[in-house]
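pasting the structure only:
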């Protein structure tokens, strides 16, 4: 359902020395995590116990914005800047880790938090693997 | 690879009278189109003939931003506002239609424009179908 | 504190037949409204009575995303597309009107909602005036 | 023209031990820089010599997305997370520094790059000062 790999394959210039599979996975995870965190923040708002979930809403909103920006930066290959890519991946894995930890606290009570925590952990790993692949 | 359907299924309140399949598809298309248009704008920048593609870059950037905002609005179900949803879907299908038309002009020359045009047309249809489903 | 006017003045091509003052004002209002709505959603989360403000949070989040996308679209002048501009301004004034109406309900209780409602009304007017100026 | 300070003043909970002036300035700079970089990328697209500016376009697009996300994260005070704030400010000052360096290379030829470089340097400093103020 995504076209990340196809768009990289049709990129007209050299992609350089990059782990393409790790890049594809990380871009897909970032967009998926941005959507999931947006939905989890909204689901928390509809819980009867929303007062106990306000930190969770906030962490989800931050994570959505940072994953979105990271997915966009990674989707651009023209004039590649390794230090910016690394800084952004670092911010993104920090956001995913924070959001996963917060959602895990509510995972037994709220299914949406359980799903969101899993998606955040998966995105966190994808960022870590891409940082490692960058060398 | 996306969790749109799972997040809707775990939403804690009533989703109301909605065509859930059309909603899932439209959210997925919006995020996929946002990524594809971001990548196509960047691929155009790396073409030798970039000077002939500047309108294409611009249209892709607009389409990415509008699909992104639409995907976020649709992902929220709390305090649902039909008139806002409709206005945003209308803007989104206009953006997708414009971007598809522009990319189609370059589709024979540039594979990334061919893929992007198809993704934009698919997102345009998904927006149209969701508008129809809203009644 | 913004550089909207200076960036339009240094734009290298013809801006076409446009009411530049209305355009500058609308771009500034969109970015200001995106920030204010982001802050108001967060302030609502910190209220003791957050359970009564969940629709307000949601409306603020939508308005922030739509204002952000509109401000970006308006900031681009290359390959100008009047019908897309109009559709996006229409979505933006709908979002600003909805958010203002919701915040006005809480304006006497919460100062941040009072400020946010005023900013949304101001952005709504700027969108309406730019639509009128487009003819 | 912005309401950053007013929204912080009406925040209903304790803002904690924070340099409020540095925070206000950094949020304002992030939104201003996001708009300016969006406009500069577009102005580059309208230059006759766009082929020599493609790296500048890309760097401006990244900087706009990262400043936007940073401005949003900083605008939220509920459930404050210092390590995430620091990581995002670090990514933002890296993006602003890269974009400023690239725009400075074209500043004598293109007025919009000169303005954009100044705005990026100013945002870079605001991020650095807020990091220092965080301790």
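That came in fine, so what should we check first? A quick note: this is a predicted structure, and the numbers were derived from the prediction, not measured. Residues are numbered from 1 along each chain as shown, chains lettered A, B, ... in the order given.

Next, work out how far apart the residue nearest to the spatial centre of chain A and residue D:119 are.
Centrality entry for chain A: nearest residue to the mean C-alpha point is residue A:30, 3.2 Å, by CA atoms, centre = their mean. Distance, residue A:30 to residue D:119, by CB to CB, to the nearest Å: 27 Å. For the C-beta atoms, the positions are set from N, CA and C on the backbone; glycine is no exception.

give me the element the residue nearest to the centre of chain A is part of.
Residue A:30 is part of helix A:20-45, with elements assigned from DSSP states H and E.

counting contacts, what elements does that helix pack onto?
Secondary-structure packing of helix A:20-45 (3 or more CB pairs under 8 Å, 6 or more residues apart in numbering or on different chains; DSSP states H and E): helix A:4-9, helix A:54-75, helix A:82-105, helix A:111-134, helix B:4-9, helix B:20-45, helix B:54-75, helix C:54-75.

Which of the residues in that helix are classified as buried?
A:22-45 (16 or more other CB atoms under 10 Å in any protein chain shown).

Tell me the predicted confidence for the residue of chain A most remote from its centre.
Largest separation from the mean C-alpha position in chain A: residue A:48, at 27.6 Å (CA atoms, centre = their mean). At residue A:48, the model reports a pLDDT of 97.

what sits against it?
residue C:51 (CB atoms under 8 Å, 6 or more residues apart in numbering or on different chains).

And it, how far from residue A:110?
11 Å.

With mean pLDDT added, can I get the helices and strands packed on helix A:20-45 in TSV?
TSV is the format used below for the helices and strands packed on helix A:20-45 (pLDDT from 0 to 100):
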stretch	mean pLDDT
helix A:4-9	98
helix A:54-75	98
helix A:82-105	98
helix A:111-134	98
helix B:4-9	98
helix B:20-45	98
helix B:54-75	98
helix C:54-75	98
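
I figured residue A:75 was touching residue B:41, is that so?
No. Counting by CB atoms under 8 Å, residue A:75 stays clear of residue B:41, with 9.1 Å between them.

returning to that earlier point: count the neighbours of the nearest residue to the residue nearest to the centre of chain A once chain neighbours are set aside for me.
The spatially closest residue to residue A:30, leaving aside those adjacent along the chain, is residue A:71, at 3.3 Å (CB to CB, 6 or more residues apart in numbering or on different chains). Residue A:71 has 28 neighbouring residues, counting by other CB atoms under 10 Å in any protein chain shown.

and if you look at residue A:109?
If you count neighbours by other CB under 10 Å, residue A:109 ends up with 12.

In three-state terms, how would it be classified?
Using DSSP: H, G, I helix; E, B strand; the rest coil, the secondary structure recorded for residue A:109 is coil.

since we're on the closest residue to residue A:18 other than its chain neighbours, how many residues are nearby?
For residue A:18, ignoring the flanking residues on the chain, the nearest one in space by CB to CB, 6+ apart is residue A:133 at 7.5 Å. By other CB under 10 Å, 15 other residues sit near residue A:133.

quick one: contacts for residue A:133?
Residue A:133 touches A:18-19, A:22-23, counting by CB under 8 Å, 6+ apart.

what's the farthest-apart pair in these?
A:18 and A:22 (8.0 Å; CB to CB).

what angle sits between the helix holding residue A:30 and helix A:111-134?
160 degrees (axes from the mean of the first three to the mean of the last three CA atoms, to 10 degrees).

on that earlier part again, how much space between the residue nearest to the centre of chain A and residue A:70?
Residue A:30 is 5 Å from residue A:70, by CB to CB.

How about residue A:97?
14 Å.

Those residues of chain A touching chain C, which are they?
Residues of chain A lying near chain C by CB under 8 Å from any CB of the partner chain: A:41-42, A:45-46, A:48, A:50-51, A:54, A:57-58, A:61.

Arrange those in JSON lines, one row each, with distance to residue A:80 as further columns.
Compiled in JSON lines, these are given as follows (distance: CB to CB, whole Å):
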{"residue": "A:41", "distance to residue A:80": "32"}
{"residue": "A:42", "distance to residue A:80": "35"}
{"residue": "A:45", "distance to residue A:80": "39"}
{"residue": "A:46", "distance to residue A:80": "42"}
{"residue": "A:48", "distance to residue A:80": "48"}
{"residue": "A:50", "distance to residue A:80": "43"}
{"residue": "A:51", "distance to residue A:80": "45"}
{"residue": "A:54", "distance to residue A:80": "39"}
{"residue": "A:57", "distance to residue A:80": "35"}
{"residue": "A:58", "distance to residue A:80": "33"}
{"residue": "A:61", "distance to residue A:80": "29"}
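
Would you mind measuring from the residue nearest to the centre of chain A to residue D:103?
26 Å.

ok, the residue nearest to residue A:104 when sequence neighbours are not counted - contacts?
Distances taken as CB to CB, 6+ apart place residue A:117 nearest to residue A:104, at 4.6 Å, with adjacent residues excluded. Residues in contact with residue A:117 (CB under 8 Å, 6+ apart) are A:99-100, A:103-104, A:107.

Residue A:3 now?
Neighbours of residue A:3 in contact, by CB under 8 Å, 6+ apart: B:32, B:35-36, B:39, B:115, B:119.

give me that answer again for 7 Å
B:32, B:36, B:115, B:119 (CB atoms under 7 Å, 6 or more residues apart in numbering or on different chains).

Nearest to residue B:79, out of those: which one, please.
residue B:32 (26.5 Å).

Helix, strand, or coil at the residue lying closest to that closest one once chain neighbours are set aside?
What sits nearest to residue B:32 in space, not counting adjacent residues and going by CB to CB, 6+ apart, is residue A:2, at 5.4 Å. Under three-state DSSP, residue A:2 falls in the coil class.

same check, this time on the one 10 residues further on
Under the three-state scheme (three-state DSSP), the conformation of residue A:12 reads as coil.

wait, doesn't it sit right on residue B:45?
No. In this structure residue A:12 lies outside contact range of residue B:45 using CB atoms under 7 Å: 9.5 Å.

coming back round to it: more neighbours: which of residue A:97 and residue A:70?
More crowded of residue A:97 and residue A:70, by other CB under 10 Å: residue A:70, with 33 against 19.

List the residues that contact that one.
Contacts of residue A:70 (CB under 7 Å, 6+ apart): A:30, A:88-89, A:92.

Which one of the residues you listed is nearest to chain B?
The closest of the contacts of residue A:70 to chain B turns out to be residue A:30 (CB to the nearest CB; 8.9 Å).

What sits closest to residue A:111 if chain neighbours are left out?
Per CB to CB, 6+ apart, closest to residue A:111 is residue B:10, 3.8 Å.

The one you found: how many residues sit nearby?
18.

Next, give phi and psi for it.
phi -100, psi 10 (degrees, to the nearest 10).

interface residues of chain A facing chain D?
A:54-55, A:58-59, A:61-62, A:65-66, A:68-69, A:72-73, A:76, A:78-79, A:81, A:83-84, A:87-88, A:90-91, A:94-95, A:98 (CB under 7 Å from any CB of the partner chain).

Can you verify my assumption that residue A:79 contacts residue D:61?
No. Residue A:79 is not in contact with residue D:61 according to CB under 7 Å; the separation is 10.3 Å.

Just want to know which of the two has more residues nearby.
More crowded of residue A:79 and residue D:61, by other CB under 10 Å: residue D:61, with 27 against 17.

Now do the contacts for that one.
With contact taken as CB under 7 Å, 6+ apart, residue D:61 is in contact with A:76, D:41.

ok, now how distant is it from residue C:86?
The value you get for residue D:61 to residue C:86, if CB to CB is used, is 25 Å.

same thing with residue A:112?
37 Å.
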